[in-house]
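*Asks:* using only what follows, build the 3D model:
(chains A and B)
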There are 2 protein chains.
Amino acid sequence: MHIDESTVTKAVHTIQMLAVDAVEKANSGHPGAPMGLASIAFEIFTRHLRYDPQDPNWPDRDRFVLSAGHASMLLYGLLHLAGYDLSLDELKRFRQLGSRTPGHPEVHMTPGVEVTTGPLGQGISTAVGMAAALKMMEARFGAKTGVATARVFGIASDGDLMEGVSAEASSLAGHLGLSNLVFFYDDNHITIDGKTDLAFSEDVGKRYEAYGWFVQRIDGHDHAQIRAALDAAVAEPARPSLIVARTTIAYGSPGKAGSSKAHGEPLGAKEVEATKKAIGWPTEPTFLIPDDVRAIFATRADEGRKAHDAWKQAFRALEQSDPAAASLYQGLIRREVPENLFDELVKAAPRKDAATRQSAGIVEQRAAALVPSLVGGSADLNPSTKTYIEGSPALQKGDFSGRNVHFGVREHAMGAFVNGLALAGGFIPFGSTFLVFADYMRPAIRMAALSELHSVFVFTHDSIFLGEDGPTHQPIETLWSLRLIPNVDVVRPADSLECAAAWAHALLRRSGPTVLALTRQKVPELPRPEGFDPKVMLRGGYVVADSATNPPAVVVIATGSEVGLAMEAKKILDAEGDRVRVVSMPCLEQFQRQDQAYREEVLPPGTPRVVIEAGSTLPWRALVGERGLVIGRDNFGASAPDKDLAKAFGFVADVVAGKIRAMRRS
Amino acid sequence: MHIDESTVTKAVHTIQMLAVDAVEKANSGHPGAPMGLASIAFEIFTRHLRYDPQDPNWPDRDRFVLSAGHASMLLYGLLHLAGYDLSLDELKRFRQLGSRTPGHPEVHMTPGVEVTTGPLGQGISTAVGMAAALKMMEARFGAKTGVATARVFGIASDGDLMEGVSAEASSLAGHLGLSNLVFFYDDNHITIDGKTDLAFSEDVGKRYEAYGWFVQRIDGHDHAQIRAALDAAVAEPARPSLIVARTTIAYGSPGKAGSSKAHGEPLGAKEVEATKKAIGWPTEPTFLIPDDVRAIFATRADEGRKAHDAWKQAFRALEQSDPAAASLYQGLIRREVPENLFDELVKAAPRKDAATRQSAGIVEQRAAALVPSLVGGSADLNPSTKTYIEGSPALQKGDFSGRNVHFGVREHAMGAFVNGLALAGGFIPFGSTFLVFADYMRPAIRMAALSELHSVFVFTHDSIFLGEDGPTHQPIETLWSLRLIPNVDVVRPADSLECAAAWAHALLRRSGPTVLALTRQKVPELPRPEGFDPKVMLRGGYVVADSATNPPAVVVIATGSEVGLAMEAKKILDAEGDRVRVVSMPCLEQFQRQDQAYREEVLPPGTPRVVIEAGSTLPWRALVGERGLVIGRDNFGASAPDKDLAKAFGFVADVVAGKIRAMRRS
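*Replies:* Next comes the predicted model:
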């Protein structure tokens, strides 16, 4: 589509002034970045980005990722112009309660927003995962059929590229040769504290070249340069692209252009007036959109609809020529799992004493066979986390047919990459490492929770009982610090049968991340009562061994490796005539979702309670009440064989039984 | 010191075989890295590292940082040889309960260990902070006097350099031109998953050049090359050094050299025998140290003692020539604070309605005037976190006289850097950002806690009430997820007077990190009862407004901005004849350290309790019991002005009063 240059200028001014007006009306927000980036964003949207505003979920659309989430008004303005279901009234309610234009873009909130951004570095790192997902779809369907051809465009700020997560993800993107990824770096020389060179004087372009990216350097306000760089980036066959674009923050503002004052606060009425005057824009009405600017985007929407129609036709052709492939495609996009998934996983559980990382690994292999969407990898811990999907290669430059990803020692990028796989559609992704290193990727886990993503995080070596590696590697507070993140489910299975339930939970829970916490050490396969229905495990907590009489005298609740310990303590106490019930609580969040009747059936009100978990005790007090007992560990661990640690820290049956006995007597 | 080459070889073999024997005896650990790195480590220790094993705390010693903490036996072997108080018996108890040779090096555990390492990336990033600290000492004392000349040497692995935290820290090190920092990169092409190039194909050397480092490339088993590179690095006047050393993992092992199998498990008896045979080493006795190898290190220890003596003399000369400087030096090293610190900070508190970030900033200025050790910075949020120390410049290349650091948008590196400042001695460092971004630096905070460091983390924008920036920026679970880390104190002051106590707490608590959580929004300065003794605030929790009668009918416990809300609710309830006590709980950890009598005086047993905090509620239930009430927020926030959020989420006095009323009646 050809647009004459004066209309281009007008369109850029429209995007800039929409941002200025919205920030001014909200009296809050970031006007500088949208003003500096309007030219670039306009060229992305009108020259290359393939989108259909009528169907924001078209699986083969190109994605646009605004990593610099604080520039949200740039995106909202464009989405409105592009024809997405985002009215001008919503723009006028920028940053207000209940609007679809929150301070930072939120993916589940606003049509056309592809990634929740704001915490710096997450956007570009998630985009790397999205680009990989699209390459994986292309490898499965694209080359012959044209049904999987989508690309990812984005804009990153100084802050994005200072963050370590983007460094990890960019290194991985270069390694994988994600040629469908095109990012602009908004090199505006300004951060909140002032000039960027207060803290940032590296050669970013050279760094990205070292990662294996195709790097170009342009003036970010020169449309000819922007177009040429975009065209070259799109044509680049083997490398991701970084276009280093020298821009001026608050471009067009006579008083604030190039100043950190334009970063995070409204320009102010006077400066708005001066700016509009300087660029020849009417001061009234605000939120002005000239008709010829609307026309550009209407034409663009037409083109998008046509592209979408062509894609539909290609897909129908695929249905004819290769129904199995078409069906697989749809199954992937729907993240289908078979109806009998849980039963099949239960059958796959090895039902013997083993580390739960081992059992979960076996269950995962069965899950991978049943669920083509399941893909993932580990942060250089495959031999330890046991998550590598057998019979499938790992992704590598030029070959994206595999289901495994070698993330390297890059936990944070792994988290964002997994989220990108989940966002792009087609995949139920997992990433695995040791539980204590969940801290390294916590911002990405939180983003998965906030964005309601179907991300799975497999964390092994889930307690002090990993042993000799010592306190740097031993989680204490980690389980609870994950449980406390809203919309995260933590599942800590006790044996192989519970591993089946754990993976079923992770695969069936579609609207938020699931964390699996697995042992390094061997645990006993628990006996189950006669007539035990495995489905009860999916309720998050259940009676694994009851007292001879009902109600029990005491309920011992435990998770993971400590359920076996609870069973041993029960034996000791039962022999003394006590009436102990053991409740396994692999997923507290899920248990709390059960109806009151069930919860009270498992945990009878008034019956004394004990919790055993080898980690922080304080939050568990919410479950046991004032008279209850929590057996755990609140201080750091130590380097020693696990059996020695168990003895030293009191995680042995007779000590536990003694503590329960003492509680019952007090 | 000259050592003939055959003795060098013998010494290298000694270091290698100590590691092999210790890992074999423990049947656990990492033999490959110590074998591959012995030559490099030997040259560092014998050619340049200035240390006195008799005084591991000599402030002007050079530091050695083993970022690749899994290679701990390399370090333990060297420390034993060097003459530190680490016996051969301790080496034989590698990875056993109660030994001083844990799986990964722990700074508070073993003399000569400078940094706790293991979680990858932390070592090199902390070393950057240490190098900056030493430059800061040099800027204050060194140039004229020779009392501050120390340098930092270290070794990093592939994994260290894949981690984002090291990318952030290395960019900052290049920016600051830390020429006293010399790191080897153990480029052994092997990770746990196999060949490094499964996931890591970037040009590391080029990347470090882009950061502004002096990069050399050598064969890591060629001593002549190692020495030449070390000498050039030490002589480099303006840049930190990275020496990319091509090495072979498990160098010398006929069966496992160059294999990922040698990374994380013992070689096995057979391979140990084969290795010893191959290098011409006796198979028995194990833990063999030839006399001429001992002699090398004895000579080296002598040299170290002489260097230390020369330093003592230089320091005595300084005491003569400039007693004020000498006294400042010692004050810094002791991290001295004046005895009347708390009173002075109380005087500095502005005592008016203001955001606690504002009040704490004013208090901090007074603290900075009183405590020369206090230094720090923000992750590009100075205008928001209000922590910049006035009247002092920021660190910059070539000028380390300042007390402020511009960390850039690099929270994780900030955390590690702050820890490095604390470890190097001389400083009480702080780093500041928004509370929600604590997640970005959580591994460093945990490391500070485990290492018992005097690090201070200032986190502002501490609740949903930061408003328009929305849920990506609004902490919910963050306060509790920090409180749960062992040995972290979280202080959330309610008004300016409590900000004085908060900073006093941070400055006086020497053996673990303190987190300050501060509001973005204005809060009321609380009235205090007649005869109020401010010192009571240092107890972590205290009665800020009592009921007319004792005991109260209900105790409302609140933190930070919610204390003001509790006071308003009290007004409503008191007017109805209720008897409400309000307890401010700025630091729960400190309150829990108080004696039982005080705790029960503040929170009378049996009196119903309510907690108000705008964040996760579940852990607070431990304090309120089954009949109690917790008013908080467990779901994500929203983008809107803070007053609108308060209304929408029930943080307004009449709603709170209503909930308390309902609880009392139920």
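*Asks:* could you point out where chain A is predicted with low confidence?
*Replies:* Judged against pLDDT under 70, chain A has no low-scoring part.
*Asks:* return the set of buried residues in the lengthiest helix in it.
*Replies:* Identified as the longest helix of chain A according to DSSP state H is helix A:291-321. Using 16 or more other C-beta atoms under 10 Å in any protein chain shown as the test for burial, helix A:291-321 gives A:293, A:296-297, A:300-301, A:304-305, A:307-308, A:311, A:314-315, A:318. C-beta coordinates here come from the backbone N, C-alpha and C atoms, glycine included.
*Asks:* show me what that helix is packed up against.
*Replies:* If you count contacts as 3 or more C-beta pairs under 8 Å, 6 or more residues apart in numbering or on different chains; DSSP states H and E, helix A:291-321 packs onto helix A:5-26, helix A:72-82, helix A:143-145, helix A:323-333.
*Asks:* buried stuff in the last one?
*Replies:* Buried residues in helix A:323-333, counting neighbours by 16+ other C-beta under 10 Å, are found at A:Ala325, A:Ala326, A:Leu328, A:Tyr329, A:Gly331, A:Leu332, A:Ile333.
*Asks:* for those residues, give me a markdown table that also has distance to chain B.
*Replies:* Output for the buried residues of helix A:323-333, formatted as a markdown table (distance: C-beta to the nearest C-beta, whole Å):
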| residue | distance to chain B |
| --- | --- |
| A:Ala325 | 29 |
| A:Ala326 | 33 |
| A:Leu328 | 27 |
| A:Tyr329 | 28 |
| A:Gly331 | 29 |
| A:Leu332 | 25 |
| A:Ile333 | 27 |
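*Asks:* now stretch A:34-50: buried residues?
*Replies:* Neighbour count says stretch A:34-50 has A:34-50 buried, by 16+ other C-beta under 10 Å.
*Asks:* about what we covered before: TSV for the helices and strands packed on helix A:291-321, including distance to A:Ala348?
*Replies:* As requested, the helices and strands packed on helix A:291-321 are arranged in TSV below (distance: least, C-beta to C-beta, whole Å):
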stretch	distance to A:Ala348
helix A:5-26	53
helix A:72-82	44
helix A:143-145	33
helix A:323-333	20
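*Asks:* looking at those helices, which is buried most?
*Replies:* Comparing those by mean neighbour count (mean count of other C-beta atoms under 10 Å in any protein chain shown), helix A:72-82 comes out on top with a mean of 27.
*Asks:* and that one with helix A:5-26, angle?
*Replies:* With axes from the mean of the first three to the mean of the last three C-alpha atoms, to 10 degrees defining the directions, helix A:72-82 sits at 120 degrees from helix A:5-26.
*Asks:* which residues are in contact with the helix or strand that helix A:72-82 is followed by?
*Replies:* On the C-terminal side of helix A:72-82, the nearest following helix or strand under DSSP states H and E is helix A:88-92. Outside of helix A:88-92, the residues within contact range by C-beta atoms under 8 Å, 6 or more residues apart in numbering or on different chains are A:Leu18, A:Ala22, A:Lys25, A:Met73, A:Tyr76, A:Gly77, A:His80, A:Ser99, A:Arg100, A:Thr101, A:Phe287, A:Ile289.
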